[in-house]
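Enquirer: Any chance you could fold what I've pasted below:
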Amino acid sequence: MDGPATRRFLAAALAILAVALSACGDDESSDAGGPLSADEWSERVQGFCSDGYQEATALPLPEQLEQLGPDASARAEILANVRDSIVALGQPDGISSEEVGGYVDELNADIDQLAQIASAAEAGDPDAGTTQLDESAGQAASELGLDDCAALSQAIARTP
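Expert: Below is the predicted model of the structure:
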């Protein structure tokens, strides 16, 4: 039973097994590495934002100017992690690249503004704590139906 017929049978059996196993992939992954559906993308992004929200709300409020720089840096890092996770997902099917890119741009703007606040605070600028983030990232998140991301933006901006 060591002949060519046996080898062909084993090769065919392995091919069938490989096809069957590939069909049993992770329920969260999209077809053959293609783009995520809008629902899959939204679900994952909401998870990133929910995690970020938990981190942001766990940060203590700065009570002194010396605490403002590290606080702004920590908030910027939370947003950067969320942004990087979103970008890593790629462009989903069913959502325009302008909407996704617009949201990422708003996250970038908040990250940049938080970095400016941190720099000003570390330089001893007493007005560093008066700068507020706008609501653009939260608004863009809401327009995409990303309620957890809108909540994250409020938590990062420290607005009710």
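Enquirer: And the host helix or strand of C49, what does it pack against?
Expert: Counting by DSSP states H and E, the element that carries C49 is helix 38-58. With contacts taken as 3 or more C-beta pairs under 8 Å, 6 or more residues apart in numbering; DSSP states H and E, helix 38-58 sits against helix 65-89, helix 147-157. Just so you know, the C-beta spots here come from the backbone N, C-alpha and C atoms, and that holds for glycine as well.
Enquirer: Buried deepest among those, which one?
Expert: Highest mean neighbour count of the helices and strands packed on helix 38-58: helix 147-157, a mean of 22 (counted as mean count of other C-beta atoms under 10 Å).
Enquirer: can you list the residues that contact stretch 135-147?
Expert: For stretch 135-147, the surrounding residues in contact (C-beta atoms under 8 Å, 6 or more residues apart in numbering) are 42, 45-46, 49, 95, 99-100, 102-103, 106-107, 109-110, 149-150, 152-154, 156-157, 159.
Enquirer: wait, stretch 75-87
Expert: The contact list for stretch 75-87 (C-beta under 8 Å, 6+ apart) reads 44-45, 48-49, 51-52, 55-56, 59, 100, 103-104, 107-108, 110-111, 114-115, 118, 149, 152, 156.
Enquirer: Grab the CA positions of it and hand them over as PDB.
Expert: Provided in PDB are the C-alpha atoms of stretch 75-87 (Å, rounded to 0.1, in the frame of the first residue of the first chain):
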ATOM      1  CA  ARG A  75      -4.700  60.700  27.700                       C
ATOM      2  CA  ALA A  76      -2.800  61.100  24.400                       C
ATOM      3  CA  GLU A  77      -1.400  57.600  24.700                       C
ATOM      4  CA  ILE A  78      -4.900  56.100  25.200                       C
ATOM      5  CA  LEU A  79      -6.100  57.900  22.100                       C
ATOM      6  CA  ALA A  80      -3.000  56.800  20.100                       C
ATOM      7  CA  ASN A  81      -3.600  53.200  21.100                       C
ATOM      8  CA  VAL A  82      -7.200  53.400  19.900                       C
ATOM      9  CA  ARG A  83      -6.200  55.100  16.700                       C
ATOM     10  CA  ASP A  84      -3.500  52.600  15.900                       C
ATOM     11  CA  SER A  85      -5.900  49.700  16.500                       C
ATOM     12  CA  ILE A  86      -8.500  51.300  14.200                       C
ATOM     13  CA  VAL A  87      -5.900  51.900  11.500                       C
END
